[in-house]
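**Student:** Can you look at this prediction? I've put the sequence above it.
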2 protein chains.
Amino acid sequence: MEDLTDEQVIEETLSAYKQYRDYALKEYYTPRLVKWEALPEIQRKLVPSYSSYLSNLKRCISLNADFIEGAVEFFEHASGIQGSVSRPVSRSNMEKVVSMLAQLYREWSAEASSERDILLSRLMPFLSELQGNSSSEEPLEILVPGLGTARLIADLVMHGYRSEGNEYSYYMIIMSMFMLNGGLSSKGIEIYPFVHTNSHWKERNLMFKPIRIPDFDIQSELAGNNLMQISMGSFVDCYGPNEGILGSSHYNINQEMNLKRLNSKSTKDVVVTNFFLDTSGNVIDYLLAIEHVLRPGGTWINFGPLVYHHENDNDSDINYEVDPYSGERTDHSPIPMKGIELTVDEIVAVALKLGFTMLKREDGILSGYGQLPFPESGLNGLPGYRCSYWVMKKRTELMEGAL
Amino acid sequence: MEDLTDEQVIEETLSAYKQYRDYALKEYYTPRLVKWEALPEIQRKLVPSYSSYLSNLKRCISLNADFIEGAVEFFEHASGIQGSVSRPVSRSNMEKVVSMLAQLYREWSAEASSERDILLSRLMPFLSELQGNSSSEEPLEILVPGLGTARLIADLVMHGYRSEGNEYSYYMIIMSMFMLNGGLSSKGIEIYPFVHTNSHWKERNLMFKPIRIPDFDIQSELAGNNLMQISMGSFVDCYGPNEGILGSSHYNINQEMNLKRLNSKSTKDVVVTNFFLDTSGNVIDYLLAIEHVLRPGGTWINFGPLVYHHENDNDSDINYEVDPYSGERTDHSPIPMKGIELTVDEIVAVALKLGFTMLKREDGILSGYGQLPFPESGLNGLPGYRCSYWVMKKRTELMEGAL
């Protein structure tokens, strides 16, 4: 990715979105049709409902594609950038498009509100108290790294907080832009997020449940309050310190970024990491960035499991240092993407060493993430992850330099 | 696999086992060492315990390798077949070796007994009643397709039932042979099944928990009762009907297998499918085989989730028919491995069409499978799967031909 311009990466992402229809038919529908047609007749007679399953699958993929193409068209029109429907896209990138439908369900549906409430029921009362105790009349400045499709910052803005979302993936950015600016009315869109999973089902019809998003009128609730901002790039690159982190494809050591990071120091009242820490290739980089961007006495709130995204990643990245005097760049050998998957206790221990104080901590909270919405069926979906929630306070100015 | 002889497949499997040490170091240890050593010094100081984590990881991989090499040596000595330590092995086959340690923990440790008891607490009282109601003095004949490392048939034999295990994978067969015939005393082996997972941990030391297997003296409990038998091959190929299934790499249409299947018809009192149905490329084939191998009035007991192993498999297989008169084989196009992933309700509906009667059914039973054994830590491991349990009775002779 480091060799492509932002515009090229956006083009590639738009291309992937545009290929959902063909990909989903080729990957999810056609193999099942072919296999079904190849069954001996005696077997086909045993499952007479299978052909209606196949036509439902085809129909829902097509309706999902209609929605995705609308979102892409909106973004292309707004940005002036175009994706080609015939550009080659990797399987893993196509799966990012597929998973976006579950992500939208998780973030923007009424059905998934109980999942979102696991964090919100803890976060919102705490923030309200923090705002009340604040000496300033200004709303709290909150940073959310790992914007996703922007639901958490939308909730924060609706509660009156100044909220900045940061995101590295254009798959998320493009969909966020559509959700926030597409003029969507309540339940104006119908998607079928569950048609890509054939395991774990008890009843067939649940697979085709339509989900209407968003669950409120985004246009009227969010427009015009000027509290929301979105930044593009890796969290560490945009908000980290200028020391203690190696240059990489996620962290650029150049004058522009050095200055940007210098300006971000001690600018936020609150950082909320929500299902975010485990997206790191090196979680210590994230901890240093959280410490860097918070004001003295600022608050770090975390919620999520530790399912390290790079744990089984066999790719590597080039890490390098830059000599602050000569500007000379020292190339290292390629460094594995996997590694440094700290445990919860180790993450907490690093934070304490960085001068944080623990205000509140809960471990083992059960939560799904885009879990299928039918607990009443007694069978669908995995029960989820065990998550940690904590609230930590950054050391105040007086203690600074203690490290 | 169809082009290799059994002996070649065994050699390949032995080679994979012999490469565990090098693979696990290369895949799990070395990348983490390299990444750790590349961290800026300020970051290494924040996690002083990391170097003891790395040496523990190396030590446990080495101890796992010692155990695996002992099991392989036993099998090589007994079979006269040798694996080469330098033969190329695919990553997915090496991961079968890695996962074997978790499988052994699941089947043979005291720590995982609560997982096994979810089925056993339902199965054993039912079988005891069935045996009691049986008109015959002979022990029930039970077939367990998906032998795994043979724990379930060991439990059945200890309860006095005549038990046959069927298994397709030599990874399982080789380890089963060692567990059953290796002369193992209670807790005689120490393994470290949890060192290959870096996600989901709260405390680091739990990752290195030693597990002692087996949890009883296999030698004295199982020797000499002559109740146990193991068959090698796919369940459908060994026990399926001669009609209604297409030839494939898992189902051979030739005189030898035709005769074997003919002889297996109506031979078993009970079939127990335990975490097995979802291993199918076509679950209807399994249902036809269960129906075929059970005696009239025989019992099918199922326990497990539906996590279809081939759901995302992009391989294909050649299916074919054979003309019963000319013996001519009709080659079809390649058929996708994925597809025909029936829901629980659909599986039950097919069974009812085949003439089964439902005696008992429970859905939504929560169960792990080799889940990490520390629920008290409040964080480790996913909560597991939602499983179905049922007991069905095959139609009696009088009803036969109703189809």
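**Tutor:** Yep, that arrived.

**Student:** count of residues packed around the residue nearest to A:Leu246 when sequence neighbours are not counted?
**Tutor:** In this structure, A:Leu246 finds its nearest non-sequential neighbour in A:Asn319, 4.1 Å apart by Cβ to Cβ, 6 or more residues apart in numbering or on different chains. (C-beta placed from N, C-alpha, C; glycine too.) Using other Cβ atoms under 10 Å in any protein chain shown, A:Asn319 has 24 other residues around it.

**Student:** Remind me which helix or strand A:Asn319 belongs to.
**Tutor:** For A:Asn319, the host element (DSSP states H and E) is strand A:316-322.

**Student:** Please work out which residues outside the helix or strand just after that strand touch it.
**Tutor:** For strand A:316-322, the following helix or strand on the C-terminal side (DSSP H and E) is strand A:329-336. Contact with strand A:329-336 is made by A:246-248, A:253, A:313-323, B:31-32, B:34-35, B:38, as judged by Cβ atoms under 8 Å, 6 or more residues apart in numbering or on different chains.

**Student:** Chain B contacts on the stretch 201-350 of chain A?
**Tutor:** A:201-204, A:243-246, A:278, A:282, A:284-285, A:287-288, A:305-308, A:311, A:319, A:332-333, A:335-336, A:338-346, A:349-350 (Cβ under 8 Å from any Cβ of the partner chain).

**Student:** go with 6 Å
**Tutor:** Contact residues (Cβ under 6 Å from any Cβ of the partner chain) of the stretch 201-350 of chain A with chain B: A:201-204, A:244, A:284, A:306-308, A:311, A:319, A:335-336, A:338-341, A:343-345, A:350.

**Student:** longest helix of chain A?
**Tutor:** In chain A, with assignment by DSSP state H, the single longest helix is helix A:50-79.

**Student:** Against which helices or strands is it packed?
**Tutor:** Using 3 or more Cβ pairs under 6 Å, 6 or more residues apart in numbering or on different chains; DSSP states H and E as the contact test, the elements touching helix A:50-79 are helix A:6-18, helix A:20-24, helix A:170-181, strand A:189-191.

**Student:** Tell me the helices and strands packed up against the shortest one.
**Tutor:** Put plainly, it is strand A:189-191. Short answer (3+ Cβ pairs under 6 Å, 6+ apart): strand A:189-191 packs on helix A:50-79, strand A:211-213.

**Student:** roughly how far apart are A:Lys26 and B:Trp390?
**Tutor:** According to Cβ to Cβ, to the nearest Å, A:Lys26 and B:Trp390 sit 36 Å apart.

**Student:** whoops, I mixed them up, A:Tyr385
**Tutor:** Per Cβ to Cβ, A:Tyr385 is found 29 Å from B:Trp390.

**Student:** next one: A:Ile142
**Tutor:** From A:Ile142 to B:Trp390 the distance is 51 Å (Cβ to Cβ).

**Student:** who has more neighbours, those two?
**Tutor:** More crowded of A:Ile142 and B:Trp390, by other Cβ under 10 Å: A:Ile142, with 26 against 21.

**Student:** can you confirm that one is in a helix?
**Tutor:** No. Per DSSP: H, G, I helix; E, B strand; the rest coil, A:Ile142 lies outside any helix segment and is strand.

**Student:** Find the residue closest to it in space, skipping its chain neighbours.
**Tutor:** Leaving aside its sequence neighbours, A:Ile142 sits nearest to A:Val270 (Cβ to Cβ, 6+ apart; 4.5 Å).

**Student:** what sits opposite A:Cys387 in the beta ladder?
**Tutor:** A:Cys387 has the following beta-bridge partners by DSSP bridges: A:Ile365.

**Student:** what pLDDT does it get?
**Tutor:** pLDDT recorded at A:Cys387 is 92.

**Student:** Contacts only, for it.
**Tutor:** A:303-305, A:365, A:367 (Cβ atoms under 6 Å, 6 or more residues apart in numbering or on different chains).

**Student:** Distance of the most centrally placed residue in chain A relative to A:Gly370?
**Tutor:** With distances taken as Cα atoms, centre = their mean, the residue of chain A nearest its centroid is A:Gly148 (3.2 Å). Distance from A:Gly148 to A:Gly370, counting by Cβ to Cβ: 11 Å.

**Student:** ok, now A:Asn225?
**Tutor:** For A:Asn225, the distance to A:Gly370 equals 28 Å [Cβ to Cβ].

**Student:** Can you give the distance of the helix or strand of chain A with the lowest mean pLDDT from its chain's centre?
**Tutor:** Least confident helix or strand of chain A, by mean pLDDT, DSSP states H and E, is strand A:329-336 with a mean of 86. Strand A:329-336 has its C-alpha centroid displaced from the chain centroid by 28 Å (Cα atoms, centre = their mean, to the nearest Å).

**Student:** Repeat that for stretch A:70-87.
**Tutor:** How far stretch A:70-87 lies from its chain's middle: 21 Å, per Cα atoms, centre = their mean.

**Student:** List the residues that contact A:Ile318.
**Tutor:** Residues in contact with A:Ile318 (Cβ under 6 Å, 6+ apart) are A:Pro334.

**Student:** Apply 10 Å and report the result again.
**Tutor:** A:2, A:246-249, A:331-335 (Cβ atoms under 10 Å, 6 or more residues apart in numbering or on different chains).

**Student:** low-confidence ranges in chain A?
**Tutor:** Under the criterion pLDDT under 70, the flagged ranges of chain A are A:1-3, A:373-383, A:398-403.

**Student:** now the helices for it?
**Tutor:** Under DSSP H, chain A gives helices at A:6-18, A:20-24, A:30-38, A:41-46, A:50-79, A:91-108, A:113-133, A:151-158, A:170-181, A:218-222, A:235-239, A:255-264, A:283-293, A:344-353.

**Student:** Burial check on the closest residue to chain B within the stretch 51-200 of chain A, number of neighbours?
**Tutor:** Closest approach between the stretch 51-200 of chain A and chain B, counting by Cβ to the nearest Cβ: A:Asn198, at 3.8 Å. Residues near A:Asn198, counting by other Cβ under 10 Å, number 22.

**Student:** What's the end-to-end length of stretch A:132-148?
**Tutor:** End-to-end distance for stretch A:132-148, by Cα to Cα, to the nearest Å: 28 Å.

**Student:** And stretch A:21-28, by the same measure?
**Tutor:** Taking Cα to Cα as the criterion, the two ends of stretch A:21-28 lie 10 Å apart.

**Student:** still on that earlier bit, go through the contacts of A:Cys387 and name the one nearest chain B.
**Tutor:** Of these, the one sitting nearest to chain B (Cβ to the nearest Cβ) turns out to be A:Pro305, at 6.9 Å.

**Student:** list the contacts for that closest one?
**Tutor:** So A:Pro305 contacts A:275, A:277-278, A:344, A:365-367, A:369, A:384-388, B:199-200, B:379, B:382 (Cβ under 10 Å, 6+ apart).

**Student:** Mind doing that once more with 6 Å?
**Tutor:** Going by Cβ under 6 Å, 6+ apart, A:Pro305 touches A:385, A:387.

**Student:** my guess is A:Phe75 meets A:Ile174, correct?
**Tutor:** Yes. With contacts counted by Cβ atoms under 6 Å, A:Phe75 reaches A:Ile174, the gap being 4.9 Å.

**Student:** returning to what we had before: ok, A:Asn225 and A:Gly370, which is more surrounded?
**Tutor:** Comparing A:Asn225 with A:Gly370 by other Cβ under 10 Å, the one with more neighbours is A:Gly370, at 20 against 12.

**Student:** I figured that one hits A:Leu104, correct?
**Tutor:** No. Shown here, A:Gly370 and A:Leu104 do not form a contact pair, counting by Cβ under 6 Å, at 9.0 Å.

**Student:** What is the burial count for A:Ser52?
**Tutor:** 10.

**Student:** what's it in contact with, if anything?
**Tutor:** Listed by Cβ under 6 Å, 6+ apart, the contact set of A:Ser52 is empty.

**Student:** likewise A:Lys268?
**Tutor:** Contacts of A:Lys268 (Cβ under 6 Å, 6+ apart): A:141, A:143, A:293-294.
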